[in-house]
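Engineer: next input, structure requested:
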Amino acid sequence: MNELNKIFVLGGAGFLGYHTIKEAVDRGYAVRTVDVVDLPDELKFNDDANVDFIVQNFFALSDAEIVEMIRGCDSFVYAGGVDERIVPEKPARKFFYDKNVLPTERIARLAKEAGVKNFVLFGSYTSEFAEKNEYLRENLYQEEPYVETRLLQEKAAMYAGEGAMNVSVLRLPQIFGTMPGKVPLWSMFVDMLRNQEFMPVTSGGFATITASAVGQAAISALENGKHRKTYAVATGYISYEDFYKKILEELGQTETTKLKVMSFEDLEEAYKEDEKLTDRQGIEHGIRQVNMLRANSMEFKIPTSIAYDELRVREENTETVIDETLRASNFRNVEKK
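Structural biologist: Numbers count the residues shown, from 1 in each chain. Coordinates of the predicted model:
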């Protein structure tokens, strides 16, 4: 196991960055972190936690300024980037390349220059299925703009580290958990079902992990320090039908909203029409709608052994965390009470 001295966490006020800092502090490590906003007072770490929190637009700094800020840290966690929920103007490939690949390559290169020995990147589990699922590969899932640039992001960081810095990647699935002062991104799903009488549901499901588990996995990956190692990590799995049922329970709509599980074939034509609509609007999904439907009609499962056995993540009830997350996501209802 690597001996770590001080960990630099990019995005310390963010959901995953904050949980990563908490785990680092719990394991006795010093932390330096930077974000464009400060933590609210109730979340700030005590002086004895040895957390140096810098409020700064990190990416706007010069290369020399970034190297100087990182210097003295031997480990780095990159918790930045954008995911596939953002729908940019065409071409999507350029958007995701500019947002995910270029900044990662730059920061990994500068981290190595500053003396960092171990670097962990928060990636996406879409990379895992793009590499290993033949059905998706036959349908060119690996060439979708978001998926392709996530794979490139991993390679860019790994090449930047060659010869001096171990670079490993956490390929993260759908993440649940809460953070005071933040509305979970899952609120969009809660709002989508709110007051609906009928909702079609895809036939597949998705791997899950808690934010706390992500933080634990990140620090363990730094301690393991294996170059070019990718970890597909998950602590659970849920079908879309069961997930939507949980949302309806939170909304009190189990008797008023009908869910219908529909196959890929049932929904394919509607998704093709949606692709045509977005094309006319001049926007483009990072994963084209039909290929997203194809993926959502599959069981996107990841073995939990990597998280629990290899990365020493502590077991917790993921189902309970999902329920807590959906409760926090139903903020419109909370505001009325």
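Engineer: helix or strand for residue 268, which one?
Structural biologist: Secondary structure from DSSP states H and E places residue 268 in helix 264-281.
Engineer: mean confidence score for that helix?
Structural biologist: Helix 264-281 carries an average pLDDT of 96.
Engineer: what comes into contact with that helix?
Structural biologist: With Cβ atoms under 8 Å, 6 or more residues apart in numbering as the test, helix 264-281 has contacts from 87, 90, 200, 202-203, 284-285, 288-290, 292-294, 297. Any C-beta I mention is one placed from the backbone N, CA and C, and that applies to glycine too.
Engineer: select, from these, the two members most distant in space.
Structural biologist: 90 and 203 (29.9 Å; Cβ to Cβ).
Engineer: tell me which of these two has more neighbours.
Structural biologist: The residue with more neighbours, out of residue 90 and residue 203, is residue 203; 17 against 14, by other Cβ atoms under 10 Å.
Engineer: follow-up on the earlier one: just the ones of the contacts of helix 264-281 in strands?
Structural biologist: Those of the contacts of helix 264-281 mapping onto strands are 200, 202, per DSSP state E.
Engineer: ok, and the most crowded of the contacts of helix 264-281?
Structural biologist: residue 288 leads those on contacts (other Cβ under 10 Å) with 24 neighbours.
Engineer: mind checking pLDDT for it?
Structural biologist: 97.
Engineer: coming back round to it: list the buried residues in the helix holding residue 268.
Structural biologist: 264, 267, 271, 274, 275, 278 (16 or more other Cβ atoms under 10 Å).
Engineer: do stretch 147-160 as well
Structural biologist: So for stretch 147-160, counting by 16+ other Cβ under 10 Å, buried means 147, 148, 149, 150, 151, 152, 153, 154, 156, 157, 158, 160.
Engineer: can you dump the C-alpha coordinates of that stretch into CSV?
Structural biologist: Coordinates of each C-alpha in stretch 147-160 appear next as CSV, following Å, rounded to 0.1, in the frame of the first residue of the first chain:
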residue,chain,number,x,y,z
VAL,A,147,-18.9,7.7,-24.2
GLU,A,148,-16.0,8.1,-26.6
THR,A,149,-14.7,11.2,-24.9
ARG,A,150,-15.0,9.5,-21.5
LEU,A,151,-12.7,6.8,-22.8
LEU,A,152,-10.4,9.4,-24.2
GLN,A,153,-10.4,11.2,-20.9
GLU,A,154,-9.1,8.1,-19.2
LYS,A,155,-6.3,7.7,-21.8
ALA,A,156,-5.3,11.3,-21.7
ALA,A,157,-4.8,11.2,-17.9
MET,A,158,-2.9,7.9,-18.1
TYR,A,159,-0.6,9.1,-20.9
ALA,A,160,0.1,12.3,-18.9
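Engineer: tell me the mean pLDDT over that stretch?
Structural biologist: On average, stretch 147-160 scores 97.
Engineer: run through who's touching stretch 142-162.
Structural biologist: Here stretch 142-162 has contacts from 78, 81, 83-84, 91-93, 95-97, 100-101, 104-105, 108-109, 112, 119, 121, 123-124, 126-127, 130-131, 136, 141, 167, 169, 227-228, 230, 284-288, 291, using Cβ under 8 Å, 6+ apart.
Engineer: let's go with 7 Å and repeat that
Structural biologist: The contact list for stretch 142-162, computed with Cβ atoms under 7 Å, 6 or more residues apart in numbering, reads 84, 92-93, 96-97, 100-101, 104-105, 108-109, 112, 119, 121, 123-124, 126-127, 130, 141, 167, 169, 227-228, 230, 286-288, 291.
Engineer: how close does residue 20 get to residue 300?
Structural biologist: Residue 20 sits at a distance of 24 Å from residue 300 (criterion: Cβ to Cβ, to the nearest Å).
Engineer: for those two, indicate the residue with more neighbours.
Structural biologist: residue 20 (31 against 21).
Engineer: in the strand or helix carrying the more buried one, what's buried?
Structural biologist: Here residue 20 sits within helix 15-26, counting by DSSP H and E. The neighbour-count check on helix 15-26 (16+ other Cβ under 10 Å) flags 15, 16, 17, 18, 19, 20, 21, 22, 23, 24, 25 as buried.
Engineer: need the CA coordinates for that helix. CSV is fine.
Structural biologist: Presented in CSV, the C-alpha positions along helix 15-26 are these (Å, rounded to 0.1, in the frame of the first residue of the first chain):
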residue,chain,number,x,y,z
PHE,A,15,-21.1,16.4,-4.0
LEU,A,16,-18.4,13.8,-4.6
GLY,A,17,-15.4,16.1,-3.7
TYR,A,18,-16.9,16.8,-0.3
HIS,A,19,-17.5,13.1,0.5
THR,A,20,-13.9,12.3,-0.7
ILE,A,21,-12.5,14.9,1.7
LYS,A,22,-14.5,13.4,4.6
GLU,A,23,-13.1,10.0,3.9
ALA,A,24,-9.5,11.3,3.6
VAL,A,25,-9.9,13.1,6.9
ASP,A,26,-11.3,10.0,8.6
